[in-house]
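K.L.:
Take a look and give me a structure for this.
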Amino acid sequence: MSVTIKDIAAAAGVSRGTVDRVLHKRMGVNPEVAQRVRLIADELGFAPNMAGKILAARKQPIKFGCLLPDVGNPFFDGIIAGFHRAEKELSDFGVSLHIEHIKGFDIATHIHTIEKLASMNLSGVCIATMDIPEVQYTVQRLIEKGIPVISVNTDIPDTDRLCYVGPDYTNGGNTAAGLLSLLTKSELNILIVTGSFHIRGHNERIQGFIQGLIERKSSYTVLSTFESLDDDTYAYETTMSALEKYPETNCIFIAAAGVEGVCKAVDRWHKDSENRKKPSILSFDDIPATKRLVKDGFIDFTICQEPEQQGYMAVSKLFSYLMAEKKCTPQDYITSTIIKIKENI
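P.N.:
Numbers count the residues shown, from 1 in each chain. Now for the predicted structure:
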């Protein structure tokens, strides 16, 4: 359901009358309380003056574009569900979505798709893309055409995007290091599997993991860091090659998708020799294959990031921004870091 004044009042610890006065810019509210109410309203995705603007919205339909590198990556199913939940709630206001689905991290494909969105007469865009200069430039050109952009799931802060909706990747990586330190005090020989070196979130997750190991004075060696391209087949091949090259591996940190491919390679490598001990495996998210592997005890733990909430809040924030009489830059929305093991997945 849509966020109400009652929801905001409960979260802020004030009366509904106080919230009403703040949202309608009436006098008589302590400035600090008013600021807190406005921040909470923004964080919850409240769309100001919705009732009074419904007729105008119906006369001028609002179409948002979305770009996701989701082809072959079921993690994004949750974000898409969040997109559509927001779309359904806002349908009375003429809101609809157009989602561009692409595969992987080919730079030309991302640039071409962003340019396609720029030509579509959209009211705004929610985008998950690569944080590299060529793509940043293309996103900036989109923004300069007057199309507001919110980055979802992974950030592109060196553009004039409105805000970021997604996880704290550094915290997620640091959390993984903390959990690993509880699992073992042995010297760690680590393989790091990332999705793409061009995705900011993947890089921040790795940085947080290494930072956490250092803070905990863990004894470790990173044997190799390589890409899975969020593809299970490619992840299997690259992981097999790495394990054959580094048989001393005793820990694998999977920073992105390709989890099933990595685990398939580990299982084969482990069974090929009776003397090999299965490495500890740390992953992220809870797509069906990962859930199964955690329940089976093959993966030690996985860390989740509320993908549906990411999609929902990105669209809600974009709508709130468009409906606001006074355009204020919305706050980032950071989803929770959620630890899951076989007992609670």
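K.L.:
From now on I want contacts and neighbour counts done on CA atoms only, so please keep to that.
P.N.:
Will do.
K.L.:
Show me where the stretch 201-345 of the chain has its strands.
P.N.:
Under the criterion DSSP state E, counting those that start in this stretch, strands of the stretch 201-345 of the chain are mapped to 220-227, 251-254, 280-284, 301-304, 333-335, 338-340.
K.L.:
what does stretch 251-260 rub up against?
P.N.:
Contacts to stretch 251-260, defined as C-alpha atoms under 8 Å, 6 or more residues apart in numbering, come from residues 73, 75, 188-195, 202, 205-206, 228-236, 279-284, 289-290.
K.L.:
For ChimeraX, what selects the buried ones among those residues?
P.N.:
Buried residues within the contacts of stretch 251-260, by 16 or more other C-alpha atoms under 10 Å, are selected in ChimeraX with:
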select :73,75,188,189,190,191,192,193,194,195,202,205,206,228,229,230,231,232,233,234,235,236,279,280,281,282,283,284,290
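K.L.:
Test my guess that G297 contacts K342.
P.N.:
Yes. With contacts counted by C-alpha atoms under 8 Å, G297 reaches K342, the gap being 6.9 Å.
K.L.:
out of those two, which sits in the more crowded spot?
P.N.:
K342 (17 against 13; other C-alpha atoms under 10 Å).
K.L.:
For that one, list the residues it contacts.
P.N.:
K342 makes contact with K291, V294, K295, D296, G297, F301, according to C-alpha under 8 Å, 6+ apart.
K.L.:
check contacts around the last one.
P.N.:
Under the criterion of C-alpha under 8 Å, 6+ apart, the contact partners of F301 comprise I281, L282, S283, V294, I339, K340, I341, K342.
K.L.:
Quickly find the element holding F83.
P.N.:
helix 76-89 (DSSP states H and E).
K.L.:
Give me the next element, helix or strand, following that helix.
P.N.:
Downstream of helix 76-89, the first helix or strand assigned by DSSP H and E is strand 95-101.
K.L.:
How about residues contacting that following strand?
P.N.:
The contact list for strand 95-101 (C-alpha under 8 Å, 6+ apart) reads 61-71, 83-84, 87, 113.
K.L.:
repeat that for 7 Å
P.N.:
Strand 95-101 is contacted by residues P61, I62, K63, F64, G65, C66, L67, L68, P69, D70, V71, E87 when judged by C-alpha atoms under 7 Å, 6 or more residues apart in numbering.
K.L.:
mind listing the helices for the protein?
P.N.:
Assigned by DSSP state H, the chain shows helices spanning 5-12, 16-23, 31-43, 50-59, 76-89, 107-118, 133-144, 169-183, 200-215, 232-245, 259-271, 288-295, 307-323.
K.L.:
wait, which of those is closest to V152?
P.N.:
Minimum separation from V152 across these (C-alpha to C-alpha) falls at helix 307-323, 6.5 Å.
K.L.:
Run the chain-centre distance for the closest one.
P.N.:
13 Å (C-alpha atoms, centre = their mean, to the nearest Å).
K.L.:
Now do it, average pLDDT.
P.N.:
Mean per-residue pLDDT for helix 307-323: 95.
K.L.:
That one - contacts with which helices or strands?
P.N.:
Here helix 307-323 touches helix 76-89, strand 149-152, strand 164-167, going by 3 or more C-alpha pairs under 7 Å, 6 or more residues apart in numbering; DSSP states H and E.
K.L.:
okay, now the closest residue to Y312 other than its chain neighbours: neighbour count?
P.N.:
Distances taken as C-alpha to C-alpha, 6 or more residues apart in numbering place G82 nearest to Y312, at 4.1 Å, with adjacent residues excluded. A total of 23 residues lie near G82 under the criterion other C-alpha under 10 Å.
K.L.:
and G82, what does it touch?
P.N.:
For G82, the contacting residues are E308, Q309, Q310, G311, Y312, by C-alpha under 7 Å, 6+ apart.
K.L.:
Return the distance of it relative to E89.
P.N.:
Counting by C-alpha to C-alpha, to the nearest Å, the separation of G82 from E89 is 11 Å.
K.L.:
State the distance from G104 to L23.
P.N.:
42 Å.
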